[in-house]
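**Student:** Return atomic coordinates for the entry below.
(2 chains)
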Protein chains: 2
Amino acid sequence: MHFLIIGGDAAGMSAASRAKRLDPSLQVTVLEQTFDVSYSACGMPYNIADASRSMEELVVRRAEVFRAKQQIDVRLGHRAESIDPAARTVSGQTHDGTDFTLGYDQLLIATGARPIKPEVPGRDLEGVMVLKSLEQGRTIKDYLARSGAGKAVIVGMGYIAMEMAEALRTRGLEVAMIKPRPVLLPWMAPELSATVKKTLESNDVKLYPGHGLQEIEKRGKRLRVVCQDDLSLDADLVLVAVGVTPNSRLAGEAGLELSVKKSIAVDKRLQTSVQGIFAAGDCADAFNVVSGQRVWVPLALRANRAGWAVADNVCGKHTELPGIAGTAVFKVFDLQVARTGLTSGEAEKSGFNPAAVTITSRSKAHGQPGSSPILVHMIGDKKTGRLLGAQMVGKEGVAHRINAAAVALQAAMTVADFFQCDLAYAPPFGPVWDPLLTAANQLLKKL
Amino acid sequence: MHFLIIGGDAAGMSAASRAKRLDPSLQVTVLEQTFDVSYSACGMPYNIADASRSMEELVVRRAEVFRAKQQIDVRLGHRAESIDPAARTVSGQTHDGTDFTLGYDQLLIATGARPIKPEVPGRDLEGVMVLKSLEQGRTIKDYLARSGAGKAVIVGMGYIAMEMAEALRTRGLEVAMIKPRPVLLPWMAPELSATVKKTLESNDVKLYPGHGLQEIEKRGKRLRVVCQDDLSLDADLVLVAVGVTPNSRLAGEAGLELSVKKSIAVDKRLQTSVQGIFAAGDCADAFNVVSGQRVWVPLALRANRAGWAVADNVCGKHTELPGIAGTAVFKVFDLQVARTGLTSGEAEKSGFNPAAVTITSRSKAHGQPGSSPILVHMIGDKKTGRLLGAQMVGKEGVAHRINAAAVALQAAMTVADFFQCDLAYAPPFGPVWDPLLTAANQLLKKL
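**Tutor:** Here you go, the predicted structure:
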């Protein structure tokens, strides 16, 4: 049996490796349009921050290793251009212009997502960059090394934008950030996003919310970023980080059903609307375990997990994924920012009747020096008492703490049941009542 | 109605405060035999470690404040000596020798626990100390300040013993630890306790397991600690930290049912075997949410939570506590050590058929500098697939990570369901697959 995989990143290579482990007799082929497979994409901002480190440190396993040790037929520079579900073939072109057509018994589409680059004049000028693939990471790092760039404008204020703001500040660049809408992190409770804003500002990142990108001009050796509302900023480097969009063209053209934000619709087995064709990773959708609704959340753990589940199903081991809670964490300078589950807005749209609280607690116990504030925003449902979501910011103890709420969401716990959980306590690590428990206790009064 | 409370520490003062909030008309009296109420007992080792800090920083709220702001009648230096459940009275003596008898409508016994001091010659010599009450903490700190002690022997190798080993090393003392049994932290998986051992040894703490205490002698200005198996150690300070025992004599003499290790048996409402008499805090037992069995785990969160639940029930708001998972964390030098749920041994005794794995993961993602090992030991039930417990050690990301497993235990999740949880990922905070998920995945293969 031939298991063909389009895309050799997290989902694709996870599926390939696991399928070969489960069934060594399986013929597994991976088509990867770039020359990189299996790398830590999320690690790029941290690598870029450190001029002394090679970008190649992020490579987890090279194509040669997959070929030699696991007998996976990894074909680099192979771009898939069409799928014929009736004939069960995939056609495309190699980097040197040779056409190819390959048959399959089972197919995995793991084409990932690509950065959105707004259609404005100057978007293709030298020094205007995006960050998603390792090659794009190398381009940014090389540019920093050779251009002596001193000033950067980041378009967008999401996770990646903030991680890159920190990276570029660490490299000594002046950094300004722009976005069209007036609110920083609009999904976040205002008190929490105010903390993020303060952290960015106290690290000399200039924020210009309410100033969308209009045009990028070349001005001598520099770029000029022209924004809405009479703002123009000079820059040596412009990083466009306004989000990503699923690479689902192939799937759409093959007649597969698309879903939220044009991601590929998959069931809990990760199968698309066509039998024998699976999709996983940043190109595919998922079910939210709280709302039960289809969502598109391109994050690494889901991609890896979905790749494994596809391998299971291809190899006859029936596996269903319950879905995601939407847990995410990022670091911006000395701040940890985390979320899981629904926001109040999402909860309302999903038919819940949400109530929410925001509390301030501490990272260490009373009388313990070096303590810092932890802000928790927690959302519950007035009708059922169910926990719906949590958000947290703080300098320590946030990144892993959010997981307690994530597990509670997966178990469909009520806020009252969550409040009874026996969470760990020792003075260096938090107050007797964990910040999440304090939030739950306050939230209970509103339900 | 008169709500009388014996003991003004975590459980007692939590109950008093909440009862007054719920029903301001309630008459609330607290009898406290010492002159301290409401302090962070768990913070004492960290305070002792720092000569510049006053022990009084650990006081959360003074008796005057409870009296003036909350109208709680806190009586310091009042030692309860007997309870008459038939007459509904408590009798005792004040610190200046005056007898008292007080009636009650509802009674809370929150007498806590006291350190065990083995019956060996020399146990009452100057310089031989225990640590449980704030007054004992002050005694140790004063002794360190005035004696110029250079050498300490700690009897015992549990949480408090280790926290104090770190504190005394921080103060510049030479530290040796002794215990009768050969195994350090016998409840812990061997690979994990080996990591704790290495941390203690690399911080120049001398460990003598297998050497029980026989006698303490006065030798000139110093003490000599005579141990089993031909070991004698000189010391200026001997800290006895071999565990605590519940203060349940009063309850036992009043005919109340006792439970595990002579703790006071309570139901889920925290009521003892006698109606109208509650017990909470370190003197009372609890139900383990995994085994359903009665356990005695004297920890701060449970004490606070139980105090609140008693107040609810006294004030007519029916409240049941499901029980504890047995979650605990401690810090020893740069190591975080955590557990939740059952050990394999406890699981077997509780009728489960446990399987366990130990895995080594990392605190940060691939290619991220500054990563350190995280060891996870995880236990599941072969019959039901249920998650039974987890243990973890590492230099970062352990203390709060254990909570994810604690919530899973409270929700009675299977290992398979826990493995599907959507835990947070970002490169500075862990690998894509959280160490707990990696452990769950390995454990699934054994179930």
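**Student:** Return the residue of chain A that is most distant from the centre.
**Tutor:** A:G367 (38.2 Å; Cα atoms, centre = their mean).
**Student:** Just the pLDDT for that residue.
**Tutor:** Per-residue pLDDT puts A:G367 at 83.
**Student:** got it, and A:G148?
**Tutor:** 89.
**Student:** what's the closest non-adjacent residue to it?
**Tutor:** Spatial nearest neighbour of A:G148, excluding adjacent residues (Cβ to Cβ, 6 or more residues apart in numbering or on different chains): A:D236 at 7.8 Å. No exception for glycine: its C-beta is placed from N, CA and C like everyone else's.
**Student:** swap in A:A161?
**Tutor:** A:A241 (4.0 Å).
**Student:** The one you found touches A:L131, doesn't it?
**Tutor:** Yes: taking Cβ atoms under 8 Å as the definition, A:A241 is a contact partner of A:L131 at 6.6 Å.
**Student:** overlap in contacts of the two?
**Tutor:** A:115, A:160, A:164 (Cβ atoms under 8 Å, 6 or more residues apart in numbering or on different chains).
**Student:** contacting residues for the second one?
**Tutor:** If a contact means Cβ under 8 Å, 6+ apart, then A:I160 has A:45, A:131, A:241 as its contacts.
**Student:** What's the local residue count around the residue nearest to A:G148?
**Tutor:** Neighbour count for A:D236, taken as other Cβ atoms under 10 Å in any protein chain shown: 19.
**Student:** thinking again about what came up before, what separates the residue nearest to A:A161 from A:G158, distance-wise?
**Tutor:** 6 Å (Cβ to Cβ, to the nearest Å).
**Student:** Comparing these two, which shows the higher neighbour count?
**Tutor:** Of the pair A:A241 and A:G158, A:A241 is the one with more neighbours under other Cβ under 10 Å, namely 26 against 17.
**Student:** Any stretches of chain A with poor pLDDT?
**Tutor:** Within chain A, no stretch has pLDDT under 70.
**Student:** care to break it down by domain?
**Tutor:** A:2-35+A:77-113+A:246-314, A:117-240, A:328-444 (automatic domain parsing).
**Student:** Pick the most deeply packed of those domains.
**Tutor:** domain A:328-444 (a mean of 23; mean count of other Cβ atoms under 10 Å in any protein chain shown).
**Student:** Could you work out the end-to-end span of that one for me?
**Tutor:** Counting by Cα to Cα, to the nearest Å, you get 24 Å between the two ends of domain A:328-444.
**Student:** now A:K206, what's its secondary structure?
**Tutor:** strand (DSSP: H, G, I helix; E, B strand; the rest coil).
**Student:** Pretty sure it sits against A:A176.
**Tutor:** Yes: A:K206 lies in contact with A:A176 (Cβ under 8 Å); the separation is 4.2 Å.
**Student:** Touching, A:T195 and A:L375? I think so.
**Tutor:** Yes: the pair A:T195 / A:L375 is scored as a contact, 6.1 Å apart, by Cβ under 8 Å.
**Student:** what residue lies at the spatial centre of chain A?
**Tutor:** A:L299 (3.7 Å).
**Student:** Give me the common contacts of A:T195 and A:L375.
**Tutor:** In contact with both A:T195 and A:L375: A:V393, using Cβ under 8 Å, 6+ apart.
**Student:** The residue nearest to A:C227 when sequence neighbours are not counted and A:L231, how far apart?
**Tutor:** Distances taken as Cβ to Cβ, 6+ apart place A:H211 nearest to A:C227, at 3.9 Å, with adjacent residues excluded. A:H211 sits at a distance of 5 Å from A:L231 (criterion: Cβ to Cβ).
**Student:** which neighbours do these two share?
**Tutor:** With Cβ under 8 Å, 6+ apart as the test, A:H211 and A:L231 both reach A:I178.
**Student:** coming back round to it: which ones among the contacts of A:I160 lie within helices?
**Tutor:** Those of these mapping onto helices are A:P45, per DSSP state H.
**Student:** got JSON lines for the contacts of A:I160, with distance to A:G172 too?
**Tutor:** Shown next, in JSON lines, are the contacts of A:I160 (distance: Cβ to Cβ, whole Å):
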{"residue": "A:P45", "distance to A:G172": "15"}
{"residue": "A:L131", "distance to A:G172": "19"}
{"residue": "A:A241", "distance to A:G172": "20"}
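**Student:** Around chain B, which positions in the stretch 201-350 of chain A sit nearby?
**Tutor:** A:289, A:299-302, A:304-305, A:321-331, A:336, A:338, A:340 (Cβ under 8 Å from any Cβ of the partner chain).
**Student:** Strand partners (parallel or antiparallel) of the strand or helix carrying A:V337?
**Tutor:** Assigned by DSSP states H and E, A:V337 belongs to strand A:335-341. Strand pairing for strand A:335-341, using DSSP bridges, gives strand A:328-332 (antiparallel), strand A:387-394 (antiparallel).
**Student:** contacting residues around stretch A:183-199?
**Tutor:** Against stretch A:183-199 from outside (Cβ under 8 Å, 6+ apart): A:157-158, A:162, A:207, A:209, A:332-335, A:337, A:339, A:343, A:345, A:356, A:358, A:360, A:375, A:377, A:391-393.
**Student:** mind redoing it with 6 Å?
**Tutor:** Residues outside stretch A:183-199 that contact it (Cβ atoms under 6 Å, 6 or more residues apart in numbering or on different chains): A:157, A:209, A:332-333, A:335, A:343, A:358, A:375, A:377, A:391, A:393.
**Student:** tell me the two of these that are most distant?
**Tutor:** Pairwise distances across the contacts of stretch A:183-199 (Cβ to Cβ) peak at 23.7 Å, for the pair A:F333 and A:T343.
**Student:** that older thread, what residues does the residue nearest to A:A161 make contact with?
**Tutor:** Contacts of A:A241 by Cβ under 6 Å, 6+ apart are A:154, A:156, A:160-161.
**Student:** now do 10 Å
**Tutor:** Residues near A:A241 by Cβ atoms under 10 Å, 6 or more residues apart in numbering or on different chains: A:45, A:115-116, A:129-132, A:154-165, A:177, A:179.
**Student:** and if you look at A:P354?
**Tutor:** Applying Cβ under 10 Å, 6+ apart, the residues near A:P354 are A:342-348, A:379-383, A:386, A:388-389, A:446-447.
**Student:** let's see it at 6 Å
**Tutor:** Applying Cβ under 6 Å, 6+ apart, the residues contacting A:P354 are A:344, A:347, A:379, A:388.
**Student:** beta partners of it?
**Tutor:** With DSSP bridges as the rule, A:P354 is bridged to A:D381.
**Student:** hmm, back to that, okay, and which of the contacts of A:P354 map to strands?
**Tutor:** For the contacts of A:P354, membership in strands holds for A:379, A:388, with DSSP state E as the criterion.
**Student:** Export the contacts of A:P354 as a markdown table, with columns for distance to B:P428.
**Tutor:** As requested, the contacts of A:P354 are exported to a markdown table (distance: Cβ to Cβ, whole Å):
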| residue | distance to B:P428 |
| --- | --- |
| A:S344 | 28 |
| A:A347 | 29 |
| A:I379 | 26 |
| A:L388 | 27 |
